[in-house]
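Asks: quick one, what's the 3D model for this:
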Amino acid sequence: MKKNKIYIILVILAIISLLSFAVLCNPDEAVTDDKTDEYEDKEVQVNETDVTTLKDIAEEEEILEEVEELEEEVKKIIPEKLNEIEIKYSLEFGQYLESLEEDYLETILYDDKALKEEYDLFEWRNIFYDDGVVFTVNEDIFPSHWYEPDINAKAESLAEEEIERSKKIAIYALAKYPAKVLKENLGKLYILKSMNFYGVDFGGTNDVEDRRVYITNNGIDMGYTNLFIEKAFHHEFSSILFIKFEESEWRQINPADFVYFDEQTGGSGAIKEGKASQEFDTKMYEVGFLYEYAQSTLENDFNSFAENIFINDGNFFKLVEEYEKLSLKLDLIVDFYSSINPRFTLEYFKEISLLEK
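Replies: Predicted coordinates for the structure are as follows:
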């Protein structure tokens with residue numbers, strides 16, 4: 001930047017010197033030719049414009065330098081402010097703030113009201129981790145009508161040896177959502193060994209009315225990896241959020257003659273009939289679907305994207321962006337999540353980390 005300033009000053013001095021030299025060489029020359037007058041007027045005008053432009057550039061350079069210096073000062077101030085917050089609130093809260101995206105942190109750091117709200121949400125989140133994540137079956141775990149003969153809900157408590165791992169996965173998954181989103185939309189998270197409805201084993205389900213998510217974990221040896229369990233949570237939680245989703249644009253992306261094959265039962269029929277594969281299927285990409293189960297209902301189609309945008313495996317976004325219909329659905333779901341909370345942007349999802357399998 002200093003080199004640029006020196007260059008600008010030298011150019012200005014050179015132009016001034018040339019103008020002075022021209023005047024000295026022609027002190028008494030009479031101007032009689034109109035065209036000459038016109039040419040000289042234009043030359044002086046151009047030179048004056050050049051000088052003004054260079055001065056503007058110099059001023060812009062100074063402003064940029066001041067902005068950079070200010071940014072450096074802010075970077076020095078933030079740690080000092082975080083230290084004050086740790087003293088006022090807690091060390092854990094200060095560490096939590098450090099984990100937030102820089103842009104969001106700067107919006108709340110010097111706003112006492114916003115900071116207090118964030119602290120209250122931080123405290124709520126910690127309480128939810130202890131009380132809101134449940135691993136045992138009790139008599140009121142499901143809505144009462146789920147126990148009626150047609151659904152015949154059954155469940156087993158999580159194995160003792162799986163509780164610690166399951167809680168770690170739950171906390172990791174929940175941390176990807178602003179606490180406000182969780183507080184407003186999630187009442188309980190149940191992680192169980194097994195669930196059975198309609199005589200069929202389910203890996204996950206949800207109760208929108210009571211804002212409950214149910215997922216299963218029967219051990220790594222049975223295929224319940226960290227990744228599988230976390231994706232199941234994002235899948236089911238997105239169903240609770242889905243009630244706010246406007247479906248029309250999504251349906252318009254699908255082929256003109258396409259009809260979801262299990263809208264009537266909400267996907268349970270697909271599970272019964274063995275048409276609930278969640279393995280990515282290249283044959284479906286061109287028409288806008290990720291896998292077979294996504295074609296059962298619009299909600300399951302929506303879920304298929306939700307469970308993957310929260311899992312940054314390095315391949316999903318590259319894959320989706322290669323196919324027009326998948327890309328359009330990605331845009332819609334990111335816009336939807338952004339409407340729930342502005343921190344949910346495409347950049348946010350692409351930077352989300354992946355828990356080791």
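Asks: what's the average pLDDT for stretch 244-259?
Replies: Average pLDDT, stretch 244-259: 96.
Asks: that should have said stretch 295-302, apologies.
Replies: Here the average pLDDT along stretch 295-302 is 97.
Asks: contacts for it?
Replies: Residues from elsewhere that reach stretch 295-302 (CB atoms under 8 Å, 6 or more residues apart in numbering): 238-239, 242, 245, 247, 250-251, 260-263, 266-267, 269-270, 275-276, 284, 289, 293-294, 329, 333. Quick note: C-beta positions are derived from backbone N, CA and C, even for glycine.
Asks: and it, what's buried?
Replies: 295-302 (16 or more other CB atoms under 10 Å).
Asks: thinking again about what came up before, please list only the buried members of the contacts of stretch 295-302.
Replies: Applying 16+ other CB under 10 Å to the contacts of stretch 295-302 flags 238-239, 242, 245, 250, 260, 262, 267, 269-270, 276, 284, 289, 293-294, 329, 333 as buried.
Asks: where in this structure is pLDDT low?
Replies: Counting by pLDDT under 70, the chain has low-confidence residues at 1-56, 58-59, 61-62, 65-76, 353-357.
Asks: and if we set it to 90?
Replies: Applying pLDDT under 90 to the chain flags residues 1-84, 86, 98-107, 109-110, 139-140, 263-276, 312-315, 351-357.
Asks: which of the buried ones among the contacts of stretch 295-302 fall in helices?
Replies: Among the buried ones among the contacts of stretch 295-302, the residues falling in helices (DSSP state H) are 238-239, 242, 250, 269-270, 284, 329, 333.
Asks: coming back round to it: let's see which of the buried residues of stretch 295-302 end up in helices.
Replies: 298-302.
Asks: closest to residue 77 out of these?
Replies: Nearest to residue 77 among those is residue 302, at 42.7 Å by CB to CB.
Asks: which of the ones in helices among the buried ones among the contacts of stretch 295-302 sit farthest apart?
Replies: Between all members of these, the farthest pair (by CB to CB) comes out as 269 and 333, at 24.5 Å.
Asks: save the ones in helices among the buried residues of stretch 295-302 as TSV, and put in distance to residue 90 too.
Replies: Converted to TSV, those look like this (distance: CB to CB, whole Å):
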residue	distance to residue 90
298	44
299	40
300	42
301	43
302	38
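Asks: between those, which is nearest residue 91?
Replies: residue 302 (39.7 Å).
Asks: quick one on the thing from earlier: I'd like the buried residues of stretch 295-302 written out as CSV, with distance to residue 256 added.
Replies: Shown next, in CSV, are the buried residues of stretch 295-302 (distance: CB to CB, whole Å):
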residue, distance to residue 256
295, 15
296, 19
297, 19
298, 16
299, 21
300, 21
301, 16
302, 20
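Asks: and which of the residues you listed is nearest residue 158?
Replies: Checking the buried residues of stretch 295-302 one by one against residue 158 (CB to CB), the nearest turns out to be residue 300, at 25.1 Å.
Asks: quick check: the gap between the closest one and residue 341.
Replies: To residue 341, residue 300 is 23 Å away according to CB to CB, to the nearest Å.
Asks: also residue 209?
Replies: In terms of CB to CB, residue 209 sits 22 Å off from residue 341.
Asks: of the two, which one has the most company?
Replies: Between residue 209 and residue 341, residue 341 has the larger neighbour count (other CB atoms under 10 Å), namely 14 against 10.
Asks: give me the element residue 137 is part of.
Replies: Using DSSP states H and E, residue 137 sits in no helix or strand.
Asks: for it, give its distance to residue 192.
Replies: From residue 137 to residue 192 the distance is 7 Å (CB to CB).
Asks: who touches both of these two?
Replies: 155-157.
Asks: which of the residues you listed lies closest to residue 100?
Replies: residue 157 (35.2 Å).
Asks: now that closest one: phi and psi?
Replies: When read as degrees, to the nearest 10, the backbone of residue 157 gives phi -60, psi 150.
Asks: equivalent analysis for the one 3 residues further on, please.
Replies: Listed backbone geometry of residue 160 is phi -50, psi -40, with angles given as degrees, to the nearest 10.
Asks: which helix or strand contains residue 215?
Replies: Residue 215 belongs to strand 212-216, assigned by DSSP H and E.
Asks: what residues does that strand touch?
Replies: Against strand 212-216 from outside (CB under 8 Å, 6+ apart): 155, 186-195, 202-207, 224, 229, 232-233, 236-237, 240.
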